[in-house]
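Asker: sequence and predicted structure below; questions after.
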Protein chains: 2
Amino acid sequence: MSEYKTFNADEAMAFADEHSELFGDHSKLTAAEFDDANLNLVFRVENDKGTSLIVKQALPYVRFVGESWPLTTDRARIEAEVLKMHRRFCPEHTVEVRYFDPVACAMLMEDLKAFRILRNELIAGKKFNHLAPQMAKYLAHTLFFTSDFVMSSEHKKAEVVRFLNPEMCLISEDLFFTDPYCNHERNNIEPSILEKAKSLWHDDALKAEVAMLKADFLSKPQALLHGSLHSSNILIDDETCKVFDAEFGFFGPIGFDVGCLLGNLLLNYLACPSLHDAEDAAEQQAFLLEQAEQLWQQFSELFTELMNRETQDPALENSLYQQRFLRQVFSDAAGYAGCELIRRTVGLVHAADFDNIGDAGKRAGCQRSALKLGRELIMQRADLNNISQLLNLVRYQQTG
Amino acid sequence: MSEYKTFNADEAMAFADEHSELFGDHSKLTAAEFDDANLNLVFRVENDKGTSLIVKQALPYVRFVGESWPLTTDRARIEAEVLKMHRRFCPEHTVEVRYFDPVACAMLMEDLKAFRILRNELIAGKKFNHLAPQMAKYLAHTLFFTSDFVMSSEHKKAEVVRFLNPEMCLISEDLFFTDPYCNHERNNIEPSILEKAKSLWHDDALKAEVAMLKADFLSKPQALLHGSLHSSNILIDDETCKVFDAEFGFFGPIGFDVGCLLGNLLLNYLACPSLHDAEDAAEQQAFLLEQAEQLWQQFSELFTELMNRETQDPALENSLYQQRFLRQVFSDAAGYAGCELIRRTVGLVHAADFDNIGDAGKRAGCQRSALKLGRELIMQRADLNNISQLLNLVRYQQTG
């Protein structure tokens, strides 16, 4: 391909066939477009034996908005390179990119056909005991091995540049830390919670904390983040979790990835009583809290072990420093989880966990809880000593 | 010039003549090399009327060590660009670069012939009441206007790349945060304080704090730092301070520049009783504490005013956040000042303030005080509420 051109189904098939030997000769291929992708063109290309691959191409604009919101196609390169890097450090839980074409801004990926989107599964009340341990491993490995503990400062500086991603970062900066805290036209606020949303705009104590979290997002390149680790970017089956969709990746604060996932578990937790009958809701909530607890516990154990065993910079080998580092990651994660709850309630991009609640009154109740819990997580993050205290706050919030 | 070649005096003259109209036609030029430059070739080029310019050329190695320590000549570009950027925001106190040649890695600068090196003046017991106010202005303006308060995130990311400076940063990382805290061959430790130096290597509480300061130096690109703002990189006359030698510049923690200067005032403070008679020493020490106090007070007032008036990111306009930001800069500055005291005592590069003390016993006493004060500044930095408390620690240290 000599210049960028948007794929149609035939071109997606040709791309998949040309860059993979998976289909063999004389395959009869079909291509089906996914119409729920927010930003990109995504096709499943399949032969008549059911063997398939995914073709993902970046469009030069935001797909669900249209050409009026242009967006760099360089995000495809970032995504392919983040996934490649994360796969190097955690192949078990990172989707495999088979080929990337920098001109077409398109990649060929393994098709995890039998996997489902984690968010949908949680909404349906499914429980997976392997979720927390596997995601803890993904987070610990990908974040540790791209941090100052391991990378030489010269190498890391070069990697920060390779993953700069300014346009995608700007979207996150705006949607997470700016829009929800002012009267911004991008916000998406249901009338029933407008007064609650407005109170955010004048909450100077909260805005001071959110500014700190934003400043870290802007200027704390600790490790190569996935950058958008919510439950729609995790695929799951009965045995395995796989992370995909890494186009928001960049070097940022480690707590952001951890907090994003934690926040999405909590969003679903708050929605449970409105999505299921009382008994199922209680069970699902218990499962979610258990997963949240394990996620942090196992992440922190693995990260501690890695710091202890694999640190390359002698100045960072000090165990007291390492404990404090992890303590700070925890506090950051609590804060970013709070930001996720708030921006998914009043910001541009909602979560299906809430939007699927048909009863407007119940939905508004969940949204109010999310704003309240989000605020508490942000405000109290430095005082929360461990995941149990954080989860007590969640329990209290829901009953309070 | 089509390829890099080390200047001799004639070539330095030709370079100055070609790229400046200052000398006019048919000037009779002479060139004198400065032999006290640590890293670079520096010439004063002068005509017969006494008009002069400075030619500074980066050598591909560390001048005072030799070709065995190679060093990127890209530092000349960084230096010229840092000075240009800082001059944009504080022309009064930044030396003027007239021309930069990226092939020769050489720049032509104004010659501040009547100015003297601040460190030498302080050692000689000179007092300058304009030192603190002017350096406070330099720090506040250069650091604020290159921070997230003003620069858009996209622009700042691009600037971080332009000023990446990995090789020079590595030198600072090693000399400030690693070498002094282990038995490193680069260290320069006088036998009389060897036991004290060794105690640093096993001081885990201290090393944990130094690791935090190093981690911030590695991964907290808050603003475009000078990167080496000690008293030999400041020129002074009876009216004005001018900053030069910015080849260590990069985007880093704001507290580093502030702390570096503060640490150098404190180094001189500790040396005073060994450099002057009792009465002069007391006067000079009072002057230095007053300057240190004013430096922080005026820096923080100016920075607060700038945050209040010139912040471009609405999310960072919150005044509570701004107060906390500055509080954190203060704590960082105290820590980096402590690092400067320690690394100038046991690390590779000492300061003349101590080395000029002829009496070995007195010199050792100063060095011991510097290690002790340095440690206290690092350990107590989060608990110091203001500059008065910091200076009480200094006073106590000296009498204690």
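Answerer: In hand now; what should we look at? Keep in mind it's a predicted model, so treat the numbers as computed, not measured.

Asker: which strands or helices does the helix or strand containing residue A:266 pack on?
Answerer: Assigned by DSSP states H and E, residue A:266 belongs to helix A:254-275. Helix A:254-275 sits against helix A:118-123, helix A:131-144, strand A:223-225, helix A:278-310, helix A:319-346, helix A:352-355, helix A:360-380, helix A:387-399, with contacts defined as 3 or more CB pairs under 8 Å, 6 or more residues apart in numbering or on different chains; DSSP states H and E. Just so you know, the C-beta spots here come from the backbone N, C-alpha and C atoms, and that holds for glycine as well.

Asker: need those in JSON lines with distance to residue B:377 and mean pLDDT, can you?
Answerer: Output for the helices and strands packed on helix A:254-275, formatted as JSON lines (distance: least, CB to CB, whole Å; pLDDT from 0 to 100):
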{"stretch": "helix A:118-123", "distance to residue B:377": "48", "mean pLDDT": "98"}
{"stretch": "helix A:131-144", "distance to residue B:377": "31", "mean pLDDT": "98"}
{"stretch": "strand A:223-225", "distance to residue B:377": "29", "mean pLDDT": "98"}
{"stretch": "helix A:278-310", "distance to residue B:377": "26", "mean pLDDT": "98"}
{"stretch": "helix A:319-346", "distance to residue B:377": "18", "mean pLDDT": "98"}
{"stretch": "helix A:352-355", "distance to residue B:377": "49", "mean pLDDT": "97"}
{"stretch": "helix A:360-380", "distance to residue B:377": "31", "mean pLDDT": "97"}
{"stretch": "helix A:387-399", "distance to residue B:377": "33", "mean pLDDT": "88"}
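
Asker: residue contacts, residue A:159?
Answerer: With contacts defined as CB atoms under 8 Å, 6 or more residues apart in numbering or on different chains, the neighbours of residue A:159 are A:146, A:151, A:224, A:251.

Asker: can you lay out the residues you listed as CSV showing distance to residue B:388 and secondary structure?
Answerer: Output for the contacts of residue A:159, formatted as CSV (distance: CB to CB, whole Å; DSSP: H, G, I helix; E, B strand; the rest coil):
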residue, distance to residue B:388, secondary structure
A:146, 42, coil
A:151, 41, coil
A:224, 43, strand
A:251, 38, strand
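
Asker: between those residues, which is closest to chain B?
Answerer: The shortest gap between chain B and any of those belongs to residue A:251, at 8.0 Å (CB to the nearest CB).

Asker: in the sheet, who's paired with the closest one?
Answerer: With DSSP bridges applied, residue A:251 shows beta-bridge pairing to residue A:224.

Asker: surely it meets residue A:219?
Answerer: No - taking contact to mean CB atoms under 8 Å, the distance of 10.5 Å between residue A:251 and residue A:219 leaves them out of contact.

Asker: follow-up on the earlier one: out of the contacts of residue A:159, who's nearest residue A:70?
Answerer: Taking CB to CB as the measure, residue A:70 lies nearest residue A:251 of the contacts of residue A:159, at 24.4 Å.

Asker: count the residues that sit near the closest one.
Answerer: The burial count assigned to residue A:251 is 24, neighbours taken as other CB atoms under 10 Å in any protein chain shown.

Asker: next: residue A:317.
Answerer: 15.

Asker: what is the neighbour count of the nearest residue to it once chain neighbours are set aside?
Answerer: Closest residue in space to residue A:317, ignoring its immediate chain neighbours: residue A:311 at 5.1 Å, by CB to CB, 6 or more residues apart in numbering or on different chains. Neighbour count of residue A:311, defined by other CB under 10 Å: 20.

Asker: roughly how far apart are residue A:311 and residue A:332?
Answerer: 20 Å (CB to CB, to the nearest Å).

Asker: could you do residue A:292 as well?
Answerer: If you go by CB to CB, the gap between residue A:292 and residue A:332 works out to 16 Å.

Asker: quick revisit: out of the helices and strands packed on helix A:254-275, deepest packed?
Answerer: strand A:223-225 (a mean of 29; mean count of other CB atoms under 10 Å in any protein chain shown).

Asker: show me how the record splits chain A into domains.
Answerer: Here the domain assignment for chain A is A:9-110, A:116-399, based on automatic domain parsing.

Asker: turn those into TSV, columns for distance to residue B:316.
Answerer: Conversion of the domains of chain A to TSV gives the following (distance: least, CB to CB, whole Å):
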stretch	distance to residue B:316
domain A:9-110	25
domain A:116-399	5
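
Asker: the helix holding residue A:266 vs helix A:387-399, what angle?
Answerer: An angle of 30 degrees separates the directions of helix A:254-275 and helix A:387-399 when computed by axes from the mean of the first three to the mean of the last three CA atoms, to 10 degrees.

Asker: tell me the angle helix A:254-275 makes with helix A:319-346.
Answerer: Computed with the same axes, to 10 degrees, the direction of helix A:254-275 lies at 40 degrees from that of helix A:319-346.

Asker: per-residue confidence averaged over helix A:254-275?
Answerer: The average of the pLDDT scores along helix A:254-275 is 98.

Asker: chain center to it, what's the gap?
Answerer: Taking CA atoms, centre = their mean, to the nearest Å, the mean C-alpha location of helix A:254-275 is offset from the chain mean by 11 Å.

Asker: on the three-state scheme, the spatially most central residue of chain A is what?
Answerer: Most central in chain A under CA atoms, centre = their mean is residue A:229, positioned 1.2 Å from the mean C-alpha point. Secondary structure of residue A:229, reduced to three states by DSSP: H, G, I helix; E, B strand; the rest coil: coil.

Asker: and residue A:44, by the same measure?
Answerer: strand.

Asker: residues contacting stretch A:288-303, please?
Answerer: Where contact means CB under 8 Å, 6+ apart, the residues beyond stretch A:288-303 that reach it are A:122, A:131-133, A:135-137, A:139-141, A:143-144, A:258, A:261-262, A:265-266, A:268-269, A:272, A:326, A:329-330, A:333, A:387-388, A:390-391, A:394-395.

Asker: let's see 6 Å
Answerer: Here stretch A:288-303 makes contact (CB atoms under 6 Å, 6 or more residues apart in numbering or on different chains) with A:131-133, A:135-136, A:139-140, A:144, A:262, A:265, A:269, A:326, A:387, A:391.

Asker: which of these sit farthest apart?
Answerer: Considering CB to CB, no two members of these lie farther apart than A:144 and A:269, which are separated by 27.5 Å.

Asker: quick revisit: Throw the contacts of residue A:159 into TSV and include distance to residue A:244, thanks.
Answerer: Compiled in TSV, the contacts of residue A:159 are given as follows (distance: CB to CB, whole Å):
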residue	distance to residue A:244
A:146	18
A:151	24
A:224	16
A:251	20
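
Asker: ok so, going back, contacting residues for the residue nearest to the centre of chain A?
Answerer: Contact criterion CB under 6 Å, 6+ apart gives A:257, A:260-261 as the residues in contact with residue A:229.

Asker: of those residues, grab the buried ones for PyMOL.
Answerer: What follows is the PyMOL syntax selecting those of those that are buried according to 16 or more other CB atoms under 10 Å in any protein chain shown:
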select buried, chain A and resi 257+260+261
